[in-house]
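Visitor: Prediction below, plus the sequence it came from.
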Amino acid sequence: MNVKKDKFEHWSAEDSATLYGINDWGAGYFHVNEKGELTISPNPDKDAPAVSLPDIVQGIRERGMNMPVLIRVSNILESRINQLHASFRKAIEQTKYQGKYKGVFPIKVNQQQQVVQDISRYGREFHHGLEAGSKAELIAALGTLHDPEACVVCNGYKDEEFVDLALFASMLGYRCILVIEMPSELDVIIERSRMLKVKPMIGVRMKLSTRAGGKWTESGGDRSVFGLNTAQLMELVDYLKKEDMLDCLRLLHYHIGSQIPNIRDIRSGVQEASRVYIGLVQEGAPMGYLDLGGGLAVDYDGSHTNYQHSRNYTIDEYCVDIIETVGELLTEANVPHPDIITESGRATVAYSSILLFNILDVARFDPVTIPDKIPENAHDLTKDLMNILSNINQKNLQEFFHDAIYNRDELRLLFKNGRISLRERALVESAFWHIMAVANKEAQKLAYIPDEFEDLDAQLADIYYANFSVFQSLPDSWAIHQVFPIVPIHRLNERPTRSGILSDITCDCDGKVDKFVDLHDELHTLPLHELKPDEEYYLGVFLVGAYQETLGDLHNLLGDTNVVSITISPDGHFDIDKEIEGDSVGDVLSYVEYDSKELITFFRSVAERAVRKKMITPAQRKTITNAFEDGIRGYTYFER
Ligand SMILES: Cc1ncc(COP(=O)(O)O)c(C=O)c1O
């Protein structure tokens, strides 16, 4: 449908920046240049160089890579780590806190080797460590980082093999901490450490009563599935005392949820945990580390509120609140300040990845024109519908809206029963959608939009067919209705005159994006440009570096996208550091147990039979089987 066209005579790049909220959610990494192109900067400094995303797309295409592509910007990752450490350093200095800050990156948030390697490299000067939640993640951590001052925090359920691996790591000088999630893990740790003659560093995960708001509220509270309650914690302390191993208890861990939108919950959690920490020291445990888990949120919609996709605090405020709370409570209790660990995943990696894709086609919402005169013999309900169309206005909006739906439904029934003609039904449908378009326009002018009109925008929107899979590249958009900023990466100095939703190329009605970021609410449609003939239209989904890559699945056998890793140089150029080709059709078929050779052999024999039956010539057989084999080698997405 048309965006209020007449209202804007002129449109500038700044108008687009405001419309899409780029300065609100972009955190200083994303801007629009005067050519109307979206740009990336390596850090939020005002004078940082900016690289145009369309230039990057062109560079990628010239190198022969197809859309969709996931871009990883190494400098942004570096900037995020620097920022986190700078904020904690500032808070520590300001409050004269006596401990240090030791960040760890939870591998599960983005397990890709290049990302974990980059984090380890950029975090080296700060002794930034890794968090592993499984044996595989521990192996990834130990094979990536060896810094005796960086922590390797082992969460998750642990069998003997997991425990052995962590103990061997301790023997090699890794600062590897085994966090007990379930009371039964302690026996294995005691037994294996005695056997291997190594003193373990033990941590314990606590179920706090504090619950954080937002989507992950179940991660906290008494009924959370992970961690020990206070009674179990006391049993653990007594058991360690009995085994003469209380001196191994070094860390208290908790995690009350990811993406905590409200700073009050963060403060409340750290307050409760500080009290538990004090209690453990008073019981005689040496301790030394307080690990707050994840939760530092990303402001996906840029609203800076306690809405679930946002946060009502800055990183600086997060750090000060934590350091101040722990410092004050522990000083008061005369307990030495511990080193603070956070397991910030989302806030570390979200900004550095961008998904780019092209639009393949558009289904426009343009109701066909209605003839001036309606047939004499039209049904009374049809005439009534036409009357609604002529007379609907703000005052009768709700009444006429409901009447139109009633009439349309009744007339559909009449059509089923053979009482009105196909041509009359077509007229009814067109009139109905015209009425809906007027109703939507009028409803937008109301101070409060009644519930029944909320979805109308999306129903009247154009459908832009996008070359990607929601299930593979934005699983959280489908599974938990996470919103991500989505913006055209060019033509931003042109007024977007259409509004649309995105449909991906899976054959699934859930394969769509119809929720978009907004400062005040979620939008049901996205302002977009008309497609131009013979010109690609590219969109970017931003802030997709956390959780999306490995949670994605192979719905409709659309596989991993191409990945390109870039570094922005100080002179404003970009270097492509690494290209990782996405899955081929053969790759995804092998994941679901097909053998490409078998498929080819079968298909060739079908083609040979067709030659024998003279359905095709041998030359045609060659063309057809070549196309089949090329298909197996090709990208799983639309190529052009
Ligand atoms: C134990 C633990 N630590 C850290 C994280 C990362 O959280 P976030 O991405 O919010 O920083 C999670 C994620 O849920 C988690 O379960």
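Guide: Sure, I can see it.
Visitor: I believe residue 586 is in a helix; please confirm or correct that.
Guide: Yes - assigned with DSSP: H, G, I helix; E, B strand; the rest coil, residue 586 falls within a helix.
Visitor: Show me what secondary structure element comes after the longest strand along the chain.
Guide: The residue-count maximum for a strand in the chain (DSSP state E) belongs to strand 353-363. Scanning forward in sequence from strand 353-363 by DSSP states H and E, the next helix or strand is helix 380-391.
Visitor: Would you work out how far apart the start and end of stretch 521-539 are?
Guide: One end of stretch 521-539 sits 22 Å from the other (CA to CA, to the nearest Å).
Visitor: do you know how far residue 553 is from residue 543?
Guide: Here residue 553 is placed at a distance of 21 Å from residue 543 (CB to CB, to the nearest Å). Any C-beta I mention is one placed from the backbone N, CA and C, and that applies to glycine too.
Visitor: With neighbour numbers in mind, choose between the two.
Guide: residue 543 (28 against 14; other CB atoms under 10 Å).
Visitor: Tell me the secondary structure at the more buried one.
Guide: Following three-state DSSP, we place residue 543 in the coil state.
Visitor: What sits closest to it if chain neighbours are left out?
Guide: residue 350 (4.6 Å; CB to CB, 6 or more residues apart in numbering).
Visitor: Tell me, what's the model's pLDDT at the residue of the stretch 101-250 of the chain found nearest the ligand?
Guide: The stretch 101-250 of the chain approaches the ligand most closely through residue 106 (4.0 Å), counting by CB to the nearest ligand atom. We have a pLDDT of 98 for residue 106.
Visitor: right, and it touches residue 133 too?
Guide: Yes - Residue 106 is within contact range of residue 133, at 7.0 Å (criterion: CB atoms under 8 Å).
Visitor: So for those two, which residue has more residues nearby?
Guide: Neighbours per residue, other CB under 10 Å: of residue 106 and residue 133, the larger number sits with residue 106, 26 against 18.
Visitor: looking at it, residue 430 is touching residue 365, isn't it?
Guide: No - with contacts counted by CB under 8 Å, residue 430 stays clear of residue 365, the gap being 12.0 Å.
Visitor: Same drill for those two, tell me which one is more crowded.
Guide: Ranked by neighbour count (other CB under 10 Å), residue 430 and residue 365 place residue 365 first, with 19 against 16.
Visitor: how about residue 575, what does it touch?
Guide: Residue 575 makes contacts with 566-567, 569, as judged by CB atoms under 8 Å, 6 or more residues apart in numbering.
Visitor: Mind pulling the model confidence for residue 268?
Guide: 96.
Visitor: Kindly report the same for residue 300.
Guide: In this model, residue 300 carries a pLDDT of 98.
Visitor: Whichever residue of the stretch 251-400 of the chain sits closest to the ligand and residue 263, how far apart?
Guide: As assessed by CB to the nearest ligand atom, the ligand sits closest to residue 294 within the stretch 251-400 of the chain, at 1.9 Å. Going from residue 294 to residue 263 by CB to CB gives 15 Å.
Visitor: Settle it for me: which of these two has more neighbours?
Guide: residue 294 (26 against 18).
Visitor: my read: that one touches residue 343, true?
Guide: Yes - using CB under 8 Å, residue 294 is in contact with residue 343, at 4.8 Å.
Visitor: for stretch 301-308, how far is the first residue from the last?
Guide: 10 Å.
Visitor: swap that for stretch 468-479, please
Guide: 16 Å.
Visitor: same question for it, mean pLDDT?
Guide: Average pLDDT, stretch 468-479: 95.
Visitor: coming back round to it: so who does the residue of the stretch 101-250 of the chain closest to the ligand touch?
Guide: With CB under 8 Å, 6+ apart, residue 106 has these contacts: 130-131, 133, 294, 343-345.
Visitor: For it, grab phi and psi.
Guide: With angles defined as degrees, to the nearest 10, residue 106 sits at phi -70, psi 110.
Visitor: CA-only coordinates of the lowest-mean-pLDDT helix or strand in the chain in PDB, if you can.
Guide: Ranking every helix and strand in the chain by mean pLDDT, DSSP states H and E puts helix 456-459 at the bottom, with a mean of 85. Extracted as PDB, the C-alpha positions of helix 456-459 are listed here (Å, rounded to 0.1, in the frame of the first residue of the first chain):
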ATOM      1  CA  LEU A 456      -4.900  -4.000   9.300                       C
ATOM      2  CA  ASP A 457      -1.700  -2.300   8.400                       C
ATOM      3  CA  ALA A 458       0.000  -5.700   7.800                       C
ATOM      4  CA  GLN A 459      -3.000  -7.100   5.900                       C
END
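Visitor: Give me the contacts around that helix.
Guide: 436, 439-440, 443, 499, 501, 514, 523-525.
Visitor: The residues you listed in helices, which ones?
Guide: 436, 439-440, 443 (DSSP state H).
Visitor: which parts of the stretch 451-600 of the chain sit against the ligand?
Guide: With the criterion set to CB under 6 Å from any ligand atom, the stretch 451-600 of the chain comes near the ligand through residue 546.
Visitor: quick one, strands of the stretch 451-600 of the chain?
Guide: 462-466, 486-488, 498-503, 512-513, 526-528, 538-541, 562-568, 574-580 (DSSP state E, counting those that start in this stretch).
Visitor: Surely residue 634 touches residue 583?
Guide: No - look at residue 634 against residue 583 with CB under 8 Å: they stay out of range, at 10.4 Å.
Visitor: Neighbour count for the two, which is higher?
Guide: Using other CB under 10 Å as the criterion, residue 634 and residue 583 rank with residue 583 on top: 21 against 14.
Visitor: Do a quick rundown of the strands in the stretch 201-350 of the chain.
Guide: Under DSSP E, counting those that start in this stretch, the stretch 201-350 of the chain gives strands at 201-205, 249-253, 289-291, 339-341.
Visitor: Please name whichever of those is nearest to residue 150.
Guide: Comparing the strands of the stretch 201-350 of the chain by their distance to residue 150 (CB to CB), the top pick is strand 339-341, with 10.5 Å.
Visitor: what about that closest one, distance to the chain center?
Guide: Per CA atoms, centre = their mean, to the nearest Å, the displacement of strand 339-341 from the mean C-alpha position of its chain is 27 Å.
Visitor: what's that strand in contact with?
Guide: Under CB under 8 Å, 6+ apart, the answer for strand 339-341 is 88, 99-104, 129, 151, 153, 251, 253, 288-292, 322-323, 326.
Visitor: Tell me, how many residues neighbour the residue nearest to residue 543?
Guide: 26.
Visitor: is it true that it touches residue 544?
Guide: Yes - assessed by CB under 8 Å, residue 350 is found in contact with residue 544 at 7.2 Å.
Visitor: show me where pLDDT drops low in the stretch 101-250 of the chain?
Guide: Along the stretch 101-250 of the chain, the parts satisfying pLDDT under 70 run over 216-225.
Visitor: and it, which residues reach the ligand?
Guide: 106, 109, 131, 155.
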